[in-house]
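Peer 1: Following is a predicted model, sequence given first.
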Amino acid sequence: MIEIDNYKIKTLLFDISKKFILPKYKNLSNNDIMFKNKNDLVTVVDINVEEELNKKLLNIIPNSYFIGEEKFSKTPEIINQYNEKNYCWTVDPIDGTKNYINGKEKFVIMISLTYFKNILQTWIYNPLTEDLVSSRMNYGSYFNDKKLIITNTKNINDSIGSISSKYWDNDKYEKIIKLKNSFKKISSYGCIGLEYVDIARNIRDFLVLSKLYPWDHLPGILIVREAGGFDSYFTERSYNHCSDEQNLIVTGNYQLGKKILNKLME
């Protein structure tokens, strides 16, 4: 399998941030912002970053595939590329678009490299701090050059994390409402990539998620897994980007994950 050098990715993301993201940060005009559907905003920066990454990443691995959040919104059939036995890049050009629009600090660029059902490498880059969180299958996760190892063993009532607020089926909604009372604190960054990173850094403890798009979850899943964390669909199967399942639990340790699953089964 191909191994991509982290320095090459960091340099690429640094250059793209400097060219597209930072000049427009806190400097977007109304014409720079639009709705891609009735619920979701997109900016010219999202579009430009994705187009640039499309060109640059396909040059790194010729004949590989590319799936971007903005490209998917126009051509959803590209999701079928995951079922091909080929390298595939997946990109969220700005995770935390609303934060970026509102001049808040929590937003990142996310990239994943997969081969069929295997998540090979992932990267989450913070344009403001220039930190790169990276992971490689079977080789660990790193915050810049520091290896990430999850050490916390918090109980459910001491845990901090977030729960998706919508897109639950009726049969799950009441269980989710009851589940919320089990935790110490529930809060969301509005940037799922950073929430995954903070689980791997022992800052946060859990995610309970619905409506799973691969560009939102591929990077963080591998980062948390390689740091020693746990992920499971409500069916108790591990996350796979080729699956149609839409409900997911991610935790810093197995015991917490199983406790959340058990509460959802009550």
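Peer 2: It's in.

Peer 1: Not counting its neighbours along the chain, what's nearest Asn152?
Peer 2: Closest residue to Asn152 apart from its sequence neighbours, by CB to CB, 6 or more residues apart in numbering: Asn202 at 4.9 Å. Quick note: C-beta positions are derived from backbone N, CA and C, even for glycine.

Peer 1: what do you get for Phe116?
Peer 2: Spatial nearest neighbour of Phe116, excluding adjacent residues (CB to CB, 6+ apart): Lys85 at 5.0 Å.

Peer 1: Phi, psi for that neighbour please.
Peer 2: Dihedral pair for Lys85: phi -80, psi 80, per degrees, to the nearest 10.

Peer 1: For it, give its distance to Ser134.
Peer 2: Going from Lys85 to Ser134 by CB to CB, to the nearest Å gives 24 Å.

Peer 1: Could you check which of these two is surrounded by more residues?
Peer 2: It is Ser134, of Lys85 and Ser134, that has more neighbours when counted by other CB atoms under 10 Å, with 26 against 7.

Peer 1: Spell out which helix or strand contains that one, please.
Peer 2: Using DSSP states H and E, Ser134 sits within strand 132-136.

Peer 1: Which parts of the stretch 101-250 of the chain are helices?
Peer 2: Taking DSSP state H, counting those that start in this stretch as the criterion, the stretch 101-250 of the chain carries its helices at 170-179, 192-200, 214-227.

Peer 1: now the shortest one, how far from the chain's geometric center?
Peer 2: Translated: helix 192-200. Helix 192-200 has its C-alpha centroid displaced from the chain centroid by 8 Å (CA atoms, centre = their mean, to the nearest Å).

Peer 1: I'd like the mean pLDDT over that helix, please.
Peer 2: Averaged over helix 192-200, pLDDT sits at 99.

Peer 1: quick one: buried residues of stretch 168-188?
Peer 2: Residues 168, 172, 176, 179, 183, 186 are the ones in stretch 168-188 that count as buried (16 or more other CB atoms under 10 Å).

Peer 1: Same question for stretch 25-32.
Peer 2: In stretch 25-32, residues buried by neighbour count (16+ other CB under 10 Å) are 25, 28.

Peer 1: Please export the C-alpha coordinates of that stretch as PDB.
Peer 2: Backbone C-alpha positions of stretch 25-32 (Å, rounded to 0.1, in the frame of the first residue of the first chain) are rendered in PDB as follows:
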ATOM      1  CA  TYR A  25     -11.400  34.700   7.400                       C
ATOM      2  CA  LYS A  26     -13.500  37.400   9.000                       C
ATOM      3  CA  ASN A  27     -13.600  39.000   5.600                       C
ATOM      4  CA  LEU A  28     -16.400  37.200   3.700                       C
ATOM      5  CA  SER A  29     -18.900  39.300   1.700                       C
ATOM      6  CA  ASN A  30     -22.500  38.400   1.300                       C
ATOM      7  CA  ASN A  31     -21.700  37.300  -2.200                       C
ATOM      8  CA  ASP A  32     -19.100  34.800  -0.900                       C
END
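
Peer 1: which residues are contacting that stretch?
Peer 2: Applying CB atoms under 8 Å, 6 or more residues apart in numbering, the external contacts of stretch 25-32 come out as 24, 43-45, 100-101, 103, 127-128.

Peer 1: Tabulate those in JSON lines, adding columns for neighbour count and distance to Asn247.
Peer 2: Formatted as JSON lines, the contacts of stretch 25-32 follow (neighbours: other CB atoms under 10 Å; distance: CB to CB, whole Å):
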{"residue": "Lys24", "neighbour count": "16", "distance to Asn247": "35"}
{"residue": "Thr43", "neighbour count": "22", "distance to Asn247": "29"}
{"residue": "Val44", "neighbour count": "15", "distance to Asn247": "34"}
{"residue": "Val45", "neighbour count": "22", "distance to Asn247": "31"}
{"residue": "Tyr100", "neighbour count": "27", "distance to Asn247": "28"}
{"residue": "Ile101", "neighbour count": "21", "distance to Asn247": "28"}
{"residue": "Gly103", "neighbour count": "10", "distance to Asn247": "33"}
{"residue": "Pro127", "neighbour count": "21", "distance to Asn247": "31"}
{"residue": "Leu128", "neighbour count": "13", "distance to Asn247": "32"}
